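Trainee: using only what follows, build the 3D model:
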Amino acid sequence: MAKQKIDLEFNKNEDALKLAISKLNMRHDVIKLGGGQKRLEKLKSKGKLSARERIDYLVDENSFFEIGAFAAFEMYQEHGGAPAAGVVTGLAKISGRSCIVVANDATVKAGAWFPMTGKKNLRAQEIAMENRLPIIYLVDSAGVYLPMQNEIFPDKEHFGRIFRNNAQISSMGIPQIAAIMGSCVAGGAYLPIMSDESIIVEGTGSIFLAGPYLVKAAIGETVDKETLGGAATQTEISGVCDYKVKTDEEALDKIKELMSQMGHFEKSGIDRSETKPPKYDKNEMLGIFPDDAAKPYDTVEILKRLVDDSKLNFYKKDYGQTIITAYARIDGWAVGIVANSRLVTKNAKGEMQFGGVIYSDSADKASRFIMNCNQKKIPLIFFHDVTGFMVGKRSEHGGIIKDGAKMVNAVSNSTVPKISVVMGNSYGAGNYAMCGKAYDPRFIVAWPTAKIAVMGGTQAAKVMTQIEVSSLKKKGEDLDKDAEKVIFNKIKEKYDIETTAYYAASRLWVDAIIDPRSTRTFISQALEACDHAPIDKFNVGVLQT
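Mentor: Modelled structure (predicted):
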């Protein structure tokens, strides 16, 4: 009977996660259409490839990992939307060399820059700088989306920061190559020309600070687009661009050629040995991970389906059991794993400890493990399913704030590559301690089941309902239970939407939403990118003991 119950639970979990993955894939398929089929056809009628076709042609087969596909998801609806924020970015290999690719999608408002477009470009440049990866720009953009210029133009993390980064990246010795494959106007003209080498396509590529209409309005001069800033002008007269080509394909071939001749940077020193597949089927993760976020499950069983030979070398296994710390290999890469356990356990004092909660002993253990990994140049992989730190009198008297601060300090000062996978909950300070976005993970992804917020929807709604009811009572309004329930449901509905993986991905709190079964492949690809940058010496900072 117990076996049958387990099987039923497994099947229920599996069905729920398969449904979530199917929804993820369907939404991604729509995003891939950019501005829609009609605009794609119009683009092709001009002899141009779409942004995604350009990437497919350019990169080595099966090497592209898209970053920010859900950027701006369900945002800017009053402006017609901006699928993928109008730009396609990702990790890839070109001629066998790891790099970052950034391709404007001209089917989305002519490739204009929305606020999230700027944020996504900055994220791509950040990845290039952190991992010393060459960056390729496939430029086809009308520049800033003028109706929202106040949200994209003037601030530190806005449009201008991209050109500042162009200069910084070049000064770091990281190659940048730009192909001008369409419009390149105004401030946007600086991006390709601040790159180290630039290619322009005849007939479709153009680059100028002011287009023909603005030139006419500003100085009264009448000039056509090609004469002002076409391929011949910018390669034969101004010398602004380095290479002139006839087609998109020829431009992409030129990039492949340039990439194939690049030298190699110093590596990180991360250890990699021969890969061994896990002993257990990765598809079983779908049945192990619960449909109900409140239900316990064995995180170790998830990890066994990700690591080489399903082998985990546990660090302080029986101490601080609500956090799992273990050495392992993933696709041959040596890694240190920090994962939240969701099982209910007892500590050495016989006290109950709830899964998903960080206690003083688990924070202490994780801190020491993180320091060990830094000492040995072992990258850290964080698996989130955390509701936060333990609260209450006993925890406060035991110094939970001190121990939590110790873990946050260790994560903050860690210099080995950090990669985060948000499987389930990632709430409150638990998000920080487990290397959330604010703590500079080299890459951070979410499963469709991820939830990122200060606290869960139910808890937040209860707190905010109590505050609102108390405020109304002070004003003399006495609400019955039904009225309180209406307030609670309204708050919870809003909060539940704002905690989803899609809400996080739309704002680039995570780089991607992935199928759980592709987690191992993603981590390996991310570590290969990380391997291109030397690791700085670890400085623990002020760490209380």
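Trainee: the bottom helix or strand of this structure by mean pLDDT?
Mentor: When the helices and strands of the chain are compared on mean pLDDT, DSSP states H and E, helix 393-397 comes out lowest with a mean of 66.
Trainee: whichever helix or strand comes after that helix: which residues count as buried?
Mentor: Counting by DSSP states H and E, the element after helix 393-397 in chain order, helix or strand, is helix 400-413. Across helix 400-413, burial judged by 16 or more other Cβ atoms under 10 Å covers 400, 403-411, 413. (C-beta placed from N, C-alpha, C; glycine too.)
Trainee: between those, which is closest to Tyr319?
Mentor: Tyr319 lies nearest to Asp403 out of the buried residues of helix 400-413, by Cβ to Cβ, at 12.8 Å.
Trainee: from Ala363, how far off is the closest one?
Mentor: Here the criterion is Cβ to Cβ, to the nearest Å. By it, Asp403 lies 4 Å from Ala363.
Trainee: shaky segments in the stretch 51-200 of the chain?
Mentor: 187 (pLDDT under 70).
Trainee: which residues of the stretch 251-400 of the chain fall in helices?
Mentor: For the stretch 251-400 of the chain, the helices defined by DSSP state H, counting those that start in this stretch occupy 285-288, 299-303, 360-375, 393-397, 400-413.
Trainee: among these, which comes closest to Ser98?
Mentor: Ser98 sits nearest to helix 360-375 of all the helices of the stretch 251-400 of the chain, at 22.8 Å, using Cβ to Cβ.
Trainee: packing partners of the closest one?
Mentor: Secondary-structure packing of helix 360-375 (3 or more Cβ pairs under 8 Å, 6 or more residues apart in numbering; DSSP states H and E): strand 323-330, strand 333-340, helix 400-413.
Trainee: rerun at 6 Å
Mentor: Applying 3 or more Cβ pairs under 6 Å, 6 or more residues apart in numbering; DSSP states H and E, one finds that helix 360-375 contacts strand 323-330, helix 400-413.
Trainee: reformat those as CSV; add distance to Ile419.
Mentor: Converted to CSV, the helices and strands packed on helix 360-375 look like this (distance: least, Cβ to Cβ, whole Å):
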stretch, distance to Ile419
strand 323-330, 10
helix 400-413, 13
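Trainee: where among these is the average confidence lowest?
Mentor: Within the helices and strands packed on helix 360-375, confidence is poorest for helix 400-413, with a mean of 88 (mean pLDDT).
Trainee: quick one on the thing from earlier: out of the helices and strands packed on helix 360-375, the one nearest Ile21 is which?
Mentor: Each of these has some distance to Ile21 by Cβ to Cβ; the shortest is strand 323-330, at 21.0 Å.
Trainee: and the closest one, how far from the chain's centre?
Mentor: With Cα atoms, centre = their mean, to the nearest Å as the basis, strand 323-330 stands 22 Å off its chain's centre.
Trainee: and stretch 448-459, by the same measure?
Mentor: Taking mean C-alpha positions (Cα atoms, centre = their mean), stretch 448-459 and its chain are 18 Å apart.
Trainee: which residues are in contact with that stretch?
Mentor: Outside stretch 448-459, the residues that touch it by Cβ atoms under 6 Å, 6 or more residues apart in numbering are 20, 24, 422, 424-428, 492, 495-496, 499, 501, 504, 513.
Trainee: most neighbours, which of the residues you listed?
Mentor: Most neighbours among these, by other Cβ atoms under 10 Å: Ser426, with 31 neighbours.
Trainee: could you list every helix and strand in contact with the helix of greatest length in the chain?
Mentor: Longest helix in the chain, counting residues (DSSP state H): helix 2-32. Helix 2-32 makes packing contacts with helix 285-288 when contacts are defined by 3+ Cβ pairs under 6 Å, 6+ apart.
Trainee: for Gly457, give me the pLDDT.
Mentor: 71.
Trainee: neighbours around it, how many?
Mentor: Gly457, neighbours per other Cβ under 10 Å, totals 19.
Trainee: from Asp292, how far out is Glu493?
Mentor: Using Cβ to Cβ, Glu493 is found at 19 Å from Asp292.
Trainee: which SS class is Ile419?
Mentor: strand (DSSP: H, G, I helix; E, B strand; the rest coil).
Trainee: that one against Phe382, yeah?
Mentor: No: when contacts are counted by Cβ atoms under 6 Å, Ile419 is not listed as touching Phe382 (7.2 Å).
Trainee: for Ile177, grab phi and psi.
Mentor: Main-chain dihedrals, Ile177, degrees, to the nearest 10: phi -120, psi 130.
Trainee: residues in a beta bridge with it, which ones?
Mentor: Beta bridges link Ile177 to Ile136, Glu197 when assigned by DSSP bridges.
Trainee: ok, it touching Ser198?
Mentor: No: counting by Cβ under 6 Å, Ile177 stays clear of Ser198, with 7.5 Å between them.
Trainee: what's the pLDDT at the nearest residue to Lys279 once chain neighbours are set aside?
Mentor: Distance criterion Cβ to Cβ, 6 or more residues apart in numbering; nearest residue to Lys279, sequence neighbours excluded, is Ser310 at 4.0 Å. Ser310 carries a pLDDT value of 98.
Trainee: do the one 5 residues further on as well
Mentor: pLDDT for Tyr315: 97.
Trainee: next, find the distance separating the closest residue to Ile21 other than its chain neighbours from Pro448.
Mentor: Leaving aside its sequence neighbours, Ile21 sits nearest to Asp515 (Cβ to Cβ, 6+ apart; 5.2 Å). Separation of Asp515 from Pro448 (Cβ to Cβ): 8 Å.
Trainee: burial measure for Leu122, as a count.
Mentor: 18.
Trainee: that older thread, among the contacts of stretch 448-459, which pair sits farthest apart?
Mentor: Across those, the longest distance by Cβ to Cβ is 25.8 Å; it joins Leu24 and Gly428.
Trainee: need the max-distance pair from the buried residues of helix 400-413.
Mentor: With Cβ to Cβ as the measure, no two of those lie farther apart than Ile400 and Asn413, at 20.4 Å.
Trainee: and the gap between the residue located most distally from the centre of the chain and Leu252?
Mentor: Largest separation from the mean C-alpha position in the chain: Gly476, at 47.9 Å (Cα atoms, centre = their mean). Computed as Cβ to Cβ, the Gly476 to Leu252 distance reads 70 Å.
Trainee: over to Cys435?
Mentor: For Cys435, the distance to Leu252 equals 36 Å [Cβ to Cβ].
Trainee: hey, where'd the helices end up in the stretch 401-545 of the chain?
Mentor: 428-433, 457-474, 481-498, 501-506, 519-530.
Trainee: just give the closest residue to Phe153, not the sequence neighbours.
Mentor: Nearest one to Phe153, counting by Cβ to Cβ, 6+ apart, is Phe159 at 5.5 Å.
Trainee: again but with Gly34, I slipped
Mentor: Nearest residue to Gly34 in three dimensions, chain neighbours excluded: Thr107, at 4.0 Å (Cβ to Cβ, 6+ apart).
Trainee: what residues are up against the residue nearest to Phe64 when sequence neighbours are not counted?
Mentor: Leaving aside its sequence neighbours, Phe64 sits nearest to Ala92 (Cβ to Cβ, 6+ apart; 4.6 Å). If you count contacts by Cβ under 6 Å, 6+ apart, Ala92 has them with 59, 63-64, 99, 101.
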